[in-house]
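Visitor: Fold the following.
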Amino acid sequence: MDLDKLDRMIKNEENWDEFIEFLNSINEDDLKIIGKYDLYKISFYAWYVLAEWGRLSPKLEKCLDRAEHILIDSFKIATEKYSNDEAYLWFYGYLISVFPEHFLSIYSDYLKAENAGKQMINVASSMKYPLATIFNERVLEKDILKSGKEDLENIFDKNTEVYDYFITMIELIESENKK
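Guide: Got it, this is the predicted structure:
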């Protein structure tokens, strides 16, 4: 599974048919053997397609079910392996709390899903995880923001869509807090 290729396809919006083919080639066994951050990256891209498909390309509508299936499988595998990990708690907490409707097969109810996501972020925040603190409390303390950005670099390669997305979200939080 070439995750660099996946990132290029999303970032450059080159060939959506190739991207759809890539999604269709991912199976649960593939997800079980990849590393933690690669699992998070695939989860993000599946989530991102679900959240942004209309803006990205109408062609992606035909792979929404597949993207949701990958997202749920990745989440289940990550939960089994990493449920006490701060990055796991923040990352999936964020994905779930922002778009709970994509996790209804796990939580069965929109509010349960949303609250579960928020609770995951709260737990990671109580563990003093900078990214959870930033996204939970909307802080503007320079050391926490710097630490959060460094954590992003450790989790996701720079110049990837997932990294750029969360940097943009942090910058939005910074600008909102300065008002």
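Visitor: quick one, helices of this structure?
Guide: Along the chain, the stretches classed as helices by DSSP state H are 3-12, 16-25, 28-33, 36-56, 64-82, 86-98, 104-107, 110-126, 130-137, 142-155, 161-178.
Visitor: Let's have the ones you listed in CSV, adding mean pLDDT.
Guide: As requested, the helices of the chain are arranged in CSV below (pLDDT from 0 to 100):
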stretch, mean pLDDT
helix 3-12, 72
helix 16-25, 83
helix 28-33, 90
helix 36-56, 85
helix 64-82, 93
helix 86-98, 93
helix 104-107, 91
helix 110-126, 92
helix 130-137, 83
helix 142-155, 83
helix 161-178, 82
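Visitor: could I get those helices as TSV with mean neighbour count?
Guide: Any C-beta I mention is one placed from the backbone N, CA and C, and that applies to glycine too. TSV is the format used below for these (neighbours: other Cβ atoms under 10 Å):
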stretch	mean neighbour count
helix 3-12	16
helix 16-25	16
helix 28-33	13
helix 36-56	20
helix 64-82	18
helix 86-98	23
helix 104-107	14
helix 110-126	18
helix 130-137	23
helix 142-155	15
helix 161-178	15
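Visitor: The residue nearest to residue 28 when sequence neighbours are not counted and residue 150: what is the separation?
Guide: Of all residues not flanking residue 28 in the chain, residue 73 sits nearest, at 5.1 Å (Cβ to Cβ, 6 or more residues apart in numbering). Separation of residue 73 from residue 150 (Cβ to Cβ, to the nearest Å): 30 Å.
Visitor: what's around residue 108, how many residues?
Guide: 9 (other Cβ atoms under 10 Å).
Visitor: Skip the chain neighbours and tell me the closest residue to the most centrally placed residue in the chain.
Guide: With distances taken as Cα atoms, centre = their mean, residue 44 lies nearest the centre of the chain, 3.4 Å away. Take residue 44 and drop its neighbours on the chain: the residue closest to it by Cβ to Cβ, 6+ apart is residue 162, 4.4 Å away.
Visitor: show me the contacts for residue 91.
Guide: Residues in contact with residue 91 (Cβ atoms under 8 Å, 6 or more residues apart in numbering) are 40, 43, 44, 131, 155.
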